[in-house]
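Q: One predicted model, sequence on top.
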Amino acid sequence: MPRPAARIAEVVALAAVYAAAGYVGFRAAIPPGNVTPVWPPSGIALAALLLAGRRLAPGVWAGSVVANLLASTYIPAGAAGPLTLLAVAAVIGVGSTLQALAGVKLTGRADPLGGVRAALRLVFGGGLLACAISPTVGVTALWAGGLVPAADFPRTWLTWWLGDTAGVLVVAPAVLAWGRGGRPPATPGGVAGGGVVAPKRAVPPGVVHPRSGSRVFLAHPVTGG
């Protein structure tokens, strides 16, 4: 396959995987409110860009947009028009893409599974810090689109951030290990069981994440979390 065609295929494949993971996340959402404690696409996006490079960033955007449009089935009839939903989905896709790119920058090109220091960069850079981008952009888009009341902005932001962070800490290490031939982590203090041990404990039990855009943003007008 010619190289340009191969790159396009990689972008399309990432978009499809992202959207499929988002759909599974929607199906696994916990009622009421259609929320989920972990958002796998955030970890998939970061791991894909760490493995294959930033050229796959368009696949993150496309996958996020498709996932959000799929989530439109959760929106109450009349809550928003199709153009509003499309615009919100597109903006949330930008936030998801910027988050993945920032995660790559903050994590660095060093192997995140290569030791404690590298694992901590994944936790704090790719997880806790970078994952503030998507909820900031996404919840702002939801508010501007009339899908989230201003009073619910802080709670929606927090639960979104927790879900994306959990997705990075749980899913990204597993994808990275698989993409690098299934090599186990170098240290027990770094990554274990397909996820980072310490950060997983940092996510309070029972805290769930409203799926908007790359989450069930379309379901938020019902309960917001």
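A: Okay, I see it.

Q: and residue 139, what is it in contact with?
A: 148, 153, 156-157, 160, 212 (CB atoms under 8 Å, 6 or more residues apart in numbering). Where C-beta positions appear, they are placed from N, C-alpha and C, glycine not excepted.

Q: In a strand, it, correct?
A: No - counting by DSSP: H, G, I helix; E, B strand; the rest coil, residue 139 falls outside a strand, being helix.

Q: Please enumerate the strands of this protein.
A: 35-36, 191-192, 195-196, 209-210 (DSSP state E).

Q: quick one: which of these has the weakest pLDDT on average?
A: For the strands of the chain, the weakest mean pLDDT is recorded on strand 191-192, namely a mean of 36.

Q: Name the member of the contacts of residue 139 with the most neighbours.
A: Top of the contacts of residue 139 by neighbour number is residue 212, holding 35 neighbours under the definition other CB atoms under 10 Å.

Q: Can you give me every residue that contacts residue 175?
A: Contacts for residue 175 (CB under 8 Å, 6+ apart) come out as 43-44, 47-48, 51.

Q: Would you reformat those as a markdown table and include neighbour count?
A: Formatted as a markdown table, the contacts of residue 175 follow (neighbours: other CB atoms under 10 Å):
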| residue | neighbour count |
| --- | --- |
| 43 | 29 |
| 44 | 25 |
| 47 | 27 |
| 48 | 28 |
| 51 | 13 |
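
Q: And those, which is closest to residue 22?
A: Nearest to residue 22, judged by CB to CB, of the contacts of residue 175 is residue 44 at 9.5 Å.

Q: I'd say that closest one and residue 173 touch.
A: No - Residue 44 is beyond contact range of residue 173, at 11.7 Å (criterion: CB atoms under 8 Å).

Q: taking the contacts of residue 175 one by one, which sit in helices?
A: When DSSP state H defines the helices, the subset of the contacts of residue 175 inside them is 43-44, 47-48, 51.

Q: Those: which two are farthest apart?
A: Among those, the pair separated by the greatest distance (CB to CB) is 43 and 51, at 12.1 Å.

Q: show me the contacts for the residue lying closest to residue 57 once chain neighbours are set aside.
A: In space, and not counting its chain neighbours, residue 57 is closest to residue 97: 5.3 Å by CB to CB, 6 or more residues apart in numbering. Residue 97 makes contact with 45, 57-58, 60-61, 64 under the criterion CB under 8 Å, 6+ apart.

Q: any idea how far residue 97 is from residue 90?
A: The gap separating residue 97 from residue 90 is 11 Å, by CB to CB, to the nearest Å.

Q: before we move on, what about residue 133?
A: According to CB to CB, residue 133 stands 16 Å off from residue 90.

Q: just residue 6 next, same as before
A: From residue 6 over to residue 90 (counting by CB to CB), the distance is 26 Å.

Q: When the two are compared, which one has more neighbours?
A: Set residue 6 next to residue 90 and count neighbours by other CB under 10 Å: residue 90 wins out with 16 against 10.

Q: excluding its backbone neighbours, what's nearest the more buried one?
A: Spatial nearest neighbour of residue 90, excluding adjacent residues (CB to CB, 6+ apart): residue 65 at 5.8 Å.

Q: Next one: the one you found from residue 181, what distance?
A: Distance from residue 65 to residue 181, counting by CB to CB: 32 Å.

Q: Compare the two (neighbour count), which wins?
A: Neighbour count, other CB under 10 Å: between residue 65 and residue 181, residue 65 has more, with 25 against 6.
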